[in-house]
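Peer 1: Sequence plus the predicted model coming up.
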Amino acid sequence: MRWSESCIPTLKENPREAEIPSHMLMLRAGLIKKLTSGIYTFLPTGLRVLKKIERIIREEMDAAGCQELLMPILHPEEIYADSGRLKSFGPELFKLRDSRGRVFALGPTHEEVITLIARDEMRSYRDLPQTYYQILTKFRDEIRPRYGVMRAREFIMKDAYSFHADDECLDRMYRRIEKAYRKIIERCGLEYVIVEAESGYIGGNESHEFMVLADNGEDMLLSCMCGYAVNLEKASARVSDGFRGEPLDPYEKISTPGASTIEQVSEFLGVPDEGIVKTLLYKTGERNVAVLVPGDREVNDIKLVRVFDDPDIRFLEPFEIEEATGGPVGFSGPVGLPEDVEIVADTLIRDFEGMVAGANRADTHLKGVVAGRDFEIGRFEDLVFAREGDLCPDCGRGLALSRGIEVGHIFKLGTKYSSSMNATFLDDKGESHPFIMGCYGFGVSRMVAAAIEQNFDKDGIVWPMSIAPFHVLLLPLNTGDETVMNAALKLEEELAGVGLEVLMDDRDLSPGVKFKDADLTGVPLRITIGRKIKDGVVELFHRKTGQVDDVAIDDAAGKVLEIAGIRD
RNA sequence: CGGGGUGUGGCGCAGCCUGGUUAGCGCGCCUGCUUUGGGAGCAGGAAGUCGCCGGUUCGAAUCCGGCCACCCCGACCA
């Protein structure tokens, strides 16, 4: 490929819109171009990278025994009504109407479509298991598109779905896909961890995310030296010792004028944050509930929704708090709440003795409160966010906080979709059962950004060989010099002849420009053909290590092939 | 959805506060000559409804109002 004949629009300056390295570099190296918020074109060089990742994915999915198919992008809206996801997707679902007024959605994922296929095409346990995958553009009207193709509204995803007669079979496929995903990410040359995860609106019982570690990752995860890792939003908070307060008999009523926040109360009473009970009042359905957590912790919404099995659970409005407790916002506490308000406490509260709590009265707190004596805790649940330093559930050491980019997510769906959509098979006794399902997503276009986020330096991208748009960049410095160009053409032919992908920068530009573009675009190997060519010598540059070697032109191709390690 | 910010040739910006001929600068682009190992030099040239609509004014990139788009932060804590 000749640079002069290609569309590789490099940028000298950072576009203003880009904030993180991968986004800046994708724009600057001419990999992508924005059409509008969250919607991008993959330009030729970017597409080459994308295709390489797709190819690796196909190879590993095929090797795992999955069948590729291609489902439609346009989905009749009703199928989401059937599965019950119209509401859980909400405004994220792109919708449009056909000329007759029928409403369609642009596919955000394909559980519904594949389940309909399974319902019709698989009737017997003899047909199972089956696993399908596809690589297709997905549409989600993200609340906030961000960081270029990292969080886009239109993006390319590999999604896979499996159907089983029993849980053991699902478990086996789940592990095979996990292994395939490991190989995919490893072959792309990236560092990653697998974390326990929440399943979100996809649903199901068990799920794991594949996180490419990166400083600018959108996800937070907690990990342990022993290998345990978990998404922050899923992690349980575990501590060695809870806070020990001073139980008083009876508890003491203290005037705390104006101290409505934990911080203020803490300062006022000289009690640490964790010695104060934060009492939060929620409305679920028609009833009010009080949630107790340590003052230095924050409630995790996702856990709340799970515990109360209510996606619409919400805080009480200030006037509702007054009605329910008799006191203003900021002074709620568990003592003296009406009978019908259930009190649910985070498990960390178990270790408390002698708590400080709001008195349900303006400017008043209670000190030395004892659960079981002064009020009853209805049940204990895991409700708060974990944080760095909390203890590993496997080995008890402290967890470390880091950031990652979620490139893959696998789910054990169980019968969520097959039940709601009535997709069943007959077992060997002739009894009907809903399919047991798994689904497995991998962000292909996001993977491009993730790869850059982990492989760049001050000069530009440093592509891993396996997904680089080209293996070698030929850099004839003076294109007007016949000796130089002849050598370049000879090398181009020779390298292509051994199966390498070669880009030749044959542009008649000053050397500086070509070197800068070379570094920016990040082709792993570079052969510079300059003045030493009169001695039959060219320069081999390794982008990642910065190593430069003079090699005889006749040895160059062999040397490149050796370093590139291409398998073809 | 709330908060903050930004819209001026392909890219990065100035001009706006204090309204006044043909709207500037750098990069890039085109032509010619020179140059050729880390973003070259000289000469000439093309390219902008100043985001959109409306208002004020003799006159609006500039002042006022509305809208739109884009970017960032937050998506919740008592």
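Peer 2: The structure has been received and is ready for your questions.
Peer 1: Please tell me I have it right and residue A:65 contacts residue A:130.
Peer 2: No - using CB atoms under 8 Å as the test, residue A:65 is too far from residue A:130 to be in contact (9.8 Å). C-beta here means a position set from N, CA and C on the backbone, and glycine is covered the same way.
Peer 1: Which strands and helices lie in contact with the host helix or strand of residue A:512?
Peer 2: Following DSSP states H and E, one finds residue A:512 within helix A:511-521. Packing partners of helix A:511-521 (3 or more CB pairs under 8 Å, 6 or more residues apart in numbering; DSSP states H and E): strand A:460-461, strand A:472-476.
Peer 1: Could you say which of those is packed most deeply?
Peer 2: Stretch with highest mean neighbour count among the helices and strands packed on helix A:511-521: strand A:472-476 (a mean of 27; mean count of other CB atoms under 10 Å).
Peer 1: what's in contact with it?
Peer 2: The contact list for strand A:472-476, computed with CB atoms under 8 Å, 6 or more residues apart in numbering, reads A:484-485, A:487-488, A:491-492, A:495, A:500-506, A:514-515, A:518, A:521, A:523-529, A:560, A:564.
Peer 1: what angle do the helix holding residue A:512 and strand A:472-476 make?
Peer 2: 170 degrees (axes from the mean of the first three to the mean of the last three CA atoms, to 10 degrees).
Peer 1: Does RNA strand B have contacts with helix A:511-521?
Peer 2: Yes - using CB under 7 Å from any atom of the strand, helix A:511-521 reaches RNA strand B at A:511, A:512, A:513, A:515, A:516, A:517, A:518, A:519, A:520.
Peer 1: mind saving the C-alpha coords of that helix as PDB?
Peer 2: C-alpha atoms of helix A:511-521 as PDB (Å, rounded to 0.1, in the frame of the first residue of the first chain):
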ATOM      1  CA  PRO A 511      11.900  13.700   6.400                       C
ATOM      2  CA  GLY A 512      10.700  15.300   9.600                       C
ATOM      3  CA  VAL A 513       7.000  15.100   8.600                       C
ATOM      4  CA  LYS A 514       7.400  11.500   7.500                       C
ATOM      5  CA  PHE A 515       9.100  10.500  10.700                       C
ATOM      6  CA  LYS A 516       6.400  12.200  12.800                       C
ATOM      7  CA  ASP A 517       3.600  10.500  10.900                       C
ATOM      8  CA  ALA A 518       5.400   7.200  11.200                       C
ATOM      9  CA  ASP A 519       5.600   7.500  15.000                       C
ATOM     10  CA  LEU A 520       2.000   8.700  15.200                       C
ATOM     11  CA  THR A 521       0.500   5.900  13.300                       C
END
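Peer 1: for the stretch 101-250 of chain A, what spans make up the helices?
Peer 2: For the stretch 101-250 of chain A, the helices defined by DSSP state H, counting those that start in this stretch cover A:111-121, A:167-187.
Peer 1: show me what contacts residue A:85?
Peer 2: Applying CB under 8 Å, 6+ apart to residue A:85 gives the contacts A:111, A:112, A:201.
Peer 1: how close does the residue lying closest to the second one once chain neighbours are set aside get to residue A:202?
Peer 2: The spatially closest residue to residue A:112, leaving aside those adjacent along the chain, is residue A:79, at 4.2 Å (CB to CB, 6 or more residues apart in numbering). Counting by CB to CB, to the nearest Å, the separation of residue A:79 from residue A:202 is 15 Å.
Peer 1: does the strand ranked longest in chain A come close to RNA strand B?
Peer 2: If you go by DSSP state E, chain A has its longest strand at strand A:400-414. No - shown here: strand A:400-414 not in contact with RNA strand B (CB under 7 Å from any atom of the strand), separated by at least 11.9 Å.
Peer 1: Spell out which strands sit alongside that strand in the sheet and which way each one runs.
Peer 2: Using DSSP bridges, the strands paired with strand A:400-414 in its sheet are strand A:206-213 (antiparallel), strand A:219-223 (antiparallel), strand A:436-443 (antiparallel).
Peer 1: out of those, nearest to residue A:172?
Peer 2: strand A:436-443 (10.0 Å; CB to CB).
Peer 1: one step back: out of residue A:65 and residue A:130, which sits in the busier spot?
Peer 2: residue A:130 (19 against 14; other CB atoms under 10 Å).
Peer 1: Tell me what the more buried one is bridged to.
Peer 2: Judged by DSSP bridges, the bridge partners of residue A:130 are residue A:163.
Peer 1: From residue A:123, how far off is it?
Peer 2: Look at residue A:130 and residue A:123: by CB to CB, they are 12 Å apart.
Peer 1: contacting residues for the residue nearest the centre of chain A?
Peer 2: Centroid-nearest residue in chain A: residue A:406, 2.2 Å away (criterion: CA atoms, centre = their mean). The contact partners of residue A:406, taken as CB under 8 Å, 6+ apart, are A:209, A:210, A:211, A:217, A:218, A:219, A:443, A:446.
Peer 1: and the second one, how many neighbours?
Peer 2: For residue A:210, the count of nearby residues is 26 (other CB under 10 Å).
Peer 1: and what of the third one?
Peer 2: Under the neighbour criterion other CB under 10 Å, residue A:211 is assigned a count of 29.
Peer 1: Can you list the low-confidence ranges for chain A?
Peer 2: A:242, A:351, A:566-568 (pLDDT under 70).
Peer 1: on that earlier part again, between the contacts of residue A:85, which has the most around it?
Peer 2: Comparing these by number of neighbours (other CB under 10 Å), residue A:111 comes first, having 25 neighbours.
Peer 1: How about it, nearest residue that isn't a chain neighbour?
Peer 2: Nearest residue to residue A:111, sequence neighbours excluded (CB to CB, 6+ apart): residue A:417, at 5.1 Å.
Peer 1: what kind of secondary structure is the one you found in?
Peer 2: Of the three states, residue A:417 takes helix according to DSSP: H, G, I helix; E, B strand; the rest coil.
Peer 1: right, and it touches residue A:437 too?
Peer 2: Yes - using CB under 8 Å, residue A:417 is in contact with residue A:437, at 6.1 Å.
Peer 1: Report the contact partners of the residue nearest to residue A:261 when sequence neighbours are not counted.
Peer 2: Leaving aside its chain neighbours, residue A:261 sits nearest to residue A:330 (6.7 Å; criterion: CB to CB, 6+ apart). For residue A:330, the contacting residues are A:259, A:260, A:261, A:358, by CB under 8 Å, 6+ apart.
Peer 1: and RNA strand B, which of these contact it?
Peer 2: Answer for the contacts of residue A:330 near RNA strand B (CB under 7 Å from any atom of the strand): A:260, A:261, A:358.
Peer 1: which one of the residues you listed is nearest RNA strand B?
Peer 2: residue A:261 (4.2 Å; CB to the nearest atom of the strand).
Peer 1: partner residues bridging residue A:33?
Peer 2: Going by DSSP bridges, residue A:33 forms beta bridges with residue A:41.
Peer 1: correction: residue A:343
Peer 2: residue A:290.
Peer 1: Surely it is in contact with residue A:293?
Peer 2: No - between residue A:343 and residue A:293 there is no contact under CB under 8 Å: 11.8 Å.
Peer 1: The two - which one has more neighbours?
Peer 2: residue A:293 (23 against 18).
Peer 1: Please report the number of neighbouring residues for the nearest residue to the more buried one once chain neighbours are set aside.
Peer 2: Using CB to CB, 6+ apart and skipping the chain neighbours, the partner closest in space to residue A:293 is residue A:346 (4.5 Å). Neighbourhood size, residue A:346 [other CB under 10 Å]: 23.
Peer 1: Help me confirm that residue A:346 comes into contact with residue A:295.
Peer 2: No - using CB under 8 Å, residue A:346 is not in contact with residue A:295; the gap is 11.3 Å.
Peer 1: show me what contacts the closest residue to residue A:348 other than its chain neighbours?
Peer 2: Among residues not flanking residue A:348 along the chain, residue A:294 sits closest, at 5.3 Å (CB to CB, 6+ apart). With contacts defined as CB under 8 Å, 6+ apart, residue A:294 is in contact with A:242, A:243, A:273, A:274, A:276, A:277, A:278, A:346, A:348, A:349, A:352, A:384.
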